[in-house]
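A.B. asks: Make a model of this:
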Amino acid sequence: MRVLIVEDEQRVADFIRRGLRSEGCLVEHACDGETALELLRASSFDVILLDLLLPGMSGIEVCRMLRARSDITPVLMLTALDTTEERIRGLNSGADDYLPKPFNFDELLARIQALYRRNSEFRSGRSSEVLEHKGLALNLRSLVFCVDGSEVELSTKERDLVLFLLRNMGVVLSRERILNAVWGSQSDPLTNIVDVYIGRVRKKFGRYGKCIATLRGAGYRLD
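C.D. replies: Below is the predicted model of the structure:
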């Protein structure tokens, strides 16, 4: 499951991210609405956790803009403003659920999973449990990865990286964005771990390794 956290409080975002990653989710984080909308233009997510009180554009505005461009990604709105009026505003803007802060992580996870299930059932006629590209295939349910029909073992981080590449096929992904999505924003930005793992994944792809293009000064792209 891919989750986008839109939250300006780093402490809260880190708490949610650690918890979701321990559950096997692939998580990205945006500190404001403008960044979130750019991420949502470039790639897709299964659930959005959207803080109501954001710097600049509010969570209400972000949600309205998403729905105005026919983006049906489930939105769980998070806020410290727990009044009936605020809940109504959030739901009327297009949010699917509303959870006041502070919250219990188990409840947050249960609500995310419920939104994911409902959305998956809605899209079941249009989506597949398998992400495929040429002779590469990653089963999203069993997490089995195959090359030309033969199973290839991946480490957890290798699998997260492969999933991120397949989900963003054709999109130029900077090293910083890959680092944030797979290892978390607290990782050392000067580390070469992204390049190391791209090299490992290329080898695991076998004859399809050349599908991962290197763009000097920009990052990587799965062609």
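A.B. asks: tell me the contacts of residue 222?
C.D. replies: Contact analysis of residue 222 by CB atoms under 8 Å, 6 or more residues apart in numbering lists 133, 165-166, 168-170, 211-213. From N, CA and C alone the C-beta is placed, and that goes for glycine too.
A.B. asks: Tell me which of these fall in strands.
C.D. replies: Secondary structure from DSSP state E places 133, 212-213 of these in strands.
A.B. asks: Turn those into a markdown table, columns for neighbour count and distance to residue 84.
C.D. replies: Formatted as a markdown table, the ones in strands among the contacts of residue 222 follow (neighbours: other CB atoms under 10 Å; distance: CB to CB, whole Å):
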| residue | neighbour count | distance to residue 84 |
| --- | --- | --- |
| 133 | 17 | 47 |
| 212 | 18 | 50 |
| 213 | 12 | 52 |
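A.B. asks: Please dump those into a markdown table; it should also carry distance to residue 140 and pLDDT for every row.
C.D. replies: Listed next are the ones in strands among the contacts of residue 222 as a markdown table, based on distance: CB to CB, whole Å; pLDDT from 0 to 100:
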| residue | distance to residue 140 | pLDDT |
| --- | --- | --- |
| 133 | 14 | 86 |
| 212 | 20 | 95 |
| 213 | 24 | 94 |
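A.B. asks: quick one: average confidence on stretch 43-62?
C.D. replies: Averaged over stretch 43-62, pLDDT sits at 91.
A.B. asks: From the chain's centroid, how far away is that stretch?
C.D. replies: Its chain's average C-alpha position is 13 Å from that of stretch 43-62, according to CA atoms, centre = their mean, to the nearest Å.
A.B. asks: buried stuff in it?
C.D. replies: Of the residues in stretch 43-62, those buried by neighbour count under the rule 16 or more other CB atoms under 10 Å are 43, 45-52, 54, 57-60, 62.
A.B. asks: Can you work out which other helices and strands pack against the biggest helix by length in the chain?
C.D. replies: In the chain, ranked by residue count with DSSP state H as the criterion, the top helix is helix 105-122. Counting contacts by 3 or more CB pairs under 8 Å, 6 or more residues apart in numbering; DSSP states H and E, helix 105-122 is packed against helix 10-22, strand 47-51, strand 75-79, strand 97-100.
A.B. asks: what sits up against the helix or strand of the chain with the lowest mean pLDDT?
C.D. replies: In the chain, no helix or strand scores lower on mean pLDDT, DSSP states H and E than helix 84-92, which sits at a mean of 77. With CB under 8 Å, 6+ apart as the test, helix 84-92 has contacts from 52, 59-60, 63, 77, 79, 98.
A.B. asks: Can you give me the buried ones in that helix?
C.D. replies: For helix 84-92, a neighbour-count test (16+ other CB under 10 Å) marks 86-87, 89-90 as buried.
A.B. asks: Likewise for stretch 12-23?
C.D. replies: 12-14, 16-17, 20-21.
A.B. asks: Would you map out the domains in this structure?
C.D. replies: 2-122, 130-222 (automatic domain parsing).
A.B. asks: and residue 188, what pLDDT?
C.D. replies: 68.
A.B. asks: Residue 28 belongs to a strand?
C.D. replies: Yes: Residue 28 forms part of a strand when assessed by DSSP: H, G, I helix; E, B strand; the rest coil.
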